[in-house]
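S.K.: Quick one, what's the 3D model for this:
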Amino acid sequence: MERRELGQIGESLAATYLAGCGWDIVDRNVRYREGEIDIVAARGGILAFVEVKTRRSVAFGSPAEAVTWRKQRRIRSLASRYLAEHHPRAHAIRFDVVDIARDRGGFLVTHLEGAF
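M.R.: Predicted coordinates for the structure are as follows:
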């Protein structure tokens, strides 16, 4: 399985998981020149910017460990731009990570709420 395909599968699994937990998927794959927001989701007055990280295994650490401080800073900047364009009056925002790893022929999904 190619890296890009694995990432797309991970993002679809994350969106399905979040929807199953009562989140409304507001947007997916929002692209700006500086980067991409994987998922924007809303629930109970909270707008969450969700970074999805998928790995073939956890042998070299959890997928969430790949969300470095630089990546966090970029996501915050992209979120500010998104808010200005789409939700200028959003009151509560949060940054989550959905960590997806292959596990015995399937996938293990972990939702880290308020990850950064």
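
S.K.: SS state for residue 99?
M.R.: strand (DSSP: H, G, I helix; E, B strand; the rest coil).

S.K.: hang on, isn't residue 34 packed against residue 78?
M.R.: Yes: taking contacts as CB atoms under 8 Å, residue 34 lies within contact range of residue 78: 6.4 Å. The C-beta positions use only the backbone N, C-alpha and C, and glycine is treated the same way.

S.K.: So between those two, which is more surrounded?
M.R.: More neighbours surround residue 78 than the other of residue 34 and residue 78, with 18 against 9 (other CB atoms under 10 Å).

S.K.: where does the more buried one land on pLDDT?
M.R.: With respect to pLDDT, residue 78 scores 99.

S.K.: Double-check that it belongs to a helix.
M.R.: Yes: read with three-state DSSP, residue 78 is one of the residues of a helix.

S.K.: Isn't it up against residue 31?
M.R.: No: if you go by CB under 8 Å, residue 78 and residue 31 don't touch, sitting 9.4 Å apart.

S.K.: what ranges do the helices span in the protein?
M.R.: For the chain, applying DSSP state H gives helices covering 3-20, 69-86.

S.K.: Nice, that's everything, thank you.
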